[in-house]
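In: Dropping the sequence and predicted coords here.
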Amino acid sequence: MLEIARYEAERRLKGTVALAVGLGILSLFFIAFFPSFADIDMDSYMEAFPPAAQEAFGIASLDTIEGFLAVEIYNFVWLLLLGLYVAYVAAGTIAEDVERDRMDMLLSLPVSRTRVLTEKFAALFVPIGVLNVVVPIAVYAGVLAIGESVDPVDLVMVHLLSIPYLLACAAIGLVLSTVVDRADVAKRIAIAAVFVLFLIDSISASTEGLEWVGNVSPTAYYDPTAVLVESSYDLTGAAVLLAATVALVIVSQYQFRRSDIGT
């Protein structure tokens, strides 16, 4: 059981470790800059950003380490860049094997298409899980190293609540992987889709009367600034993201079962 998931997980492990180390170092690099903000009028600095930009990157309180982490690491690196990354990776899970004729060989074995897709998606828990273990350790160590402090519970929660968000982004890529045969095209569309959803949420949230439009975006249900600055945990939003992930995986299974790949 789960042979496909184990194989895919092992195949991704080396790259995941390298990415985790890289993001940990990048986080330390950002944190090292925080003491230099002490002599800057942060209120004036924040007011210089347009409302859409403030909403997009959760700019609320750059003069505290929590607000700084929320903007520089979690709303930019974690919310946007990592969301794009997992969607990109997921978009290649099925399409790459189909394009390179590996899927025919895999499906010649006594395994169902549903099992193949589900286990390939399950393997994405490896990069998501490893990143959410390694990076918070680096962030916490970096904060202590510059003489600041951050609530460890909030730091843990900002990572725990990111898991449903990242799974939802991955599920978007998974759907595209079953719809588009060419892996490169599927990956590009996945990146564009997640980025457009990010923009929709950012712009609609700062536009009176259109706030509801942003509810189609996964970013509407995960707010790192609220977690770190206000210690506010949106468990309902996490549940919505998990439900959306399940729904998208089911859609992917249906599309994969009915697709013609020569078997």
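Out: Thanks, I have it. Numbering: from 1, shown residues only.
In: if you go through the stretch 151-263 of the chain in chain order, where are the helices?
Out: Along the stretch 151-263 of the chain, counting by DSSP state H, counting those that start in this stretch, helices occupy 152-160, 162-179, 183-205, 224-230, 235-258.
In: Which one of those lies nearest to Phe30?
Out: Of all the helices of the stretch 151-263 of the chain, helix 224-230 sits nearest to Phe30, with 13.7 Å by C-beta to C-beta. Every residue, glycine included, has its C-beta placed from N, CA and C.
In: tell me the average confidence for the closest one?
Out: The average pLDDT within helix 224-230 is 90.
In: tell me what it is packed against?
Out: helix 65-69, helix 152-160 (3 or more C-beta pairs under 8 Å, 6 or more residues apart in numbering; DSSP states H and E).
In: So which of those helices has the densest surroundings on average?
Out: Comparing the helices and strands packed on helix 224-230 by mean neighbour count (mean count of other C-beta atoms under 10 Å), helix 65-69 comes out on top with a mean of 23.
In: how about it as PDB, C-alpha atoms only?
Out: Taking C-alpha atoms only, helix 65-69 is exported to PDB below (Å, rounded to 0.1, in the frame of the first residue of the first chain):
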ATOM      1  CA  ILE A  65       8.900  42.000  14.800                       C
ATOM      2  CA  GLU A  66       5.500  40.200  14.400                       C
ATOM      3  CA  GLY A  67       4.300  42.700  11.800                       C
ATOM      4  CA  PHE A  68       7.700  42.600  10.000                       C
ATOM      5  CA  LEU A  69       7.700  38.800   9.800                       C
END
